[in-house]
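J.: Would you be able to build a 3D model of this:
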Amino acid sequence: MMEDNAAAALDNIVTEFHTYEDFLDSQITSLDLYYLEDEELARQLVELGYRGSGEVLKREEFDARKAAAEASRLFKRSQQKTLASAGRELKDNFLKALAQREEANRSGKITVSTVHYYNTT
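T.: Below is the predicted model of the structure:
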């Protein structure tokens, strides 16, 4: 259970920051920069685990997790979903029209916007 929480926290780190340097910079305080006077040195101390408030994460591990998260995101995006209308004999014209639009709506090619008006008088 504890390992799952740690892995989830690391996955959140990977999705939150675009680059490894952004991740390191997030753990550097203005006080660190005041005393060290060198941003690169502050990054190295965070990378080694001497400074920082979070998990120690090496560049290779960050890059590997970033690549895995991107692959997972692309897989989920490309995964074909079964349509609700697939394999059904539709007799009603309204249901046939819905079935024709279902794939485009699910894939984001078209969107449906509805507006509800409430009469309060």
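J.: Just want the most central residue of the protein.
T.: The residue lying closest to the centre of the chain (Cα atoms, centre = their mean) is Thr15, at 5.3 Å.
J.: How about the contacts made by it?
T.: The contact partners of Thr15, taken as Cβ atoms under 8 Å, 6 or more residues apart in numbering, are Ala69. In short, each C-beta sits where N, CA and C put it, glycine included.
J.: same thing with Leu48?
T.: Val56.
J.: The chain should start at 52 in everything you say after this.
T.: Understood, numbering begins at 52; the last thing we discussed is Leu99.
J.: so how far is the biggest helix by length in the chain from its chain's centroid?
T.: If you go by DSSP state H, the chain has its longest helix at helix 110-129. Once both centres are worked out by Cα atoms, centre = their mean, to the nearest Å, helix 110-129 turns out to sit 10 Å from its chain's centre.
J.: hmm, who's touching the helix or strand just after it?
T.: Sequence order places helix 144-158 as the next helix or strand after helix 110-129, per DSSP states H and E. The set of residues external to helix 144-158 that reach it, using Cβ under 8 Å, 6+ apart, is Lys132, Leu134, Ala135, Ser136, Arg139, Leu141, Ile161, Thr162, Val163.
J.: just checking, next helix/strand downstream of the helix or strand of the chain with the lowest mean pLDDT?
T.: Within the chain, no helix or strand scores below helix 53-67, which has a mean of 67 by mean pLDDT, DSSP states H and E. Toward the C-terminus, helix 53-67 is succeeded by helix 71-77 as the next helix or strand (DSSP H and E).
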